[in-house]
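> build me a structure from this.
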Amino acid sequence: MTPSEPTRRRNLYPTNVAKCNWLYTPPQVREMYRVVPNTLSRWIKAGLKFIEHNGERLFRGSDLNEFHRGRRQAAKRKLGKFEAYCVTCKCNHSLLDDPITHGQFHKAMMVAVICPHSGSSAPLIMSMRNFEALCELRGCDPRAETPD
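Predicted coordinates for the structure are as follows:
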């Protein structure tokens, strides 16, 4: 990945696949989550608990579920007031810095950021008051521009 490309969000796995009271061997865990052995090693380094029994690692179902629940919670991030989420590159983009398009949508405004990485649009519906604040912060009034 080059520095100009966005950082991609890591894969998040279901939080309730493993049975809470069961013990799983590494091959069973890899099959259950459909991951390669290196992924399981990275999970252990990231804090996945295991039990050592007769020289073999065993994973509790409750520990697997809790580990994935924690990863899912850590990956959550609320959008800022003037940010939009691009589903193509999986990044947040600023309405203040990136080029935008806009149009009226009922009694609100539909504002879309043009993603610099993929070229797709990341739409966001905002109130007229927030749109006016956005225009003021951007230092221009896009409503006054005409396509001449």
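> wait, C86 touches P116, no?
No - the criterion here is C-beta atoms under 8 Å, and C86 misses it with P116 at 9.5 Å. To be clear about C-beta, it is placed using only N, CA and C from the backbone, and glycine gets the same treatment.
> which of the two has more residues huddled nearby?
Neighbours around C86 and P116, counted as other C-beta atoms under 10 Å, are more numerous at C86. The numbers are 22 against 15.
> now do the same for the more buried one: its pLDDT.
In this model, C86 is scored at 83, pLDDT.
> contacts only, for it.
N92, H93, V113, C115, H117, S118, S120, A122 (C-beta atoms under 8 Å, 6 or more residues apart in numbering).
> now do 10 Å
6, 92-93, 98, 112-118, 120-123 (C-beta atoms under 10 Å, 6 or more residues apart in numbering).
> before we move on, what about Q28?
Contacts of Q28 (C-beta under 10 Å, 6+ apart): A18, W22, L58, F59.
> relative to R77, how far out is it?
Using C-beta to C-beta, to the nearest Å, one obtains 32 Å as the distance from Q28 to R77.
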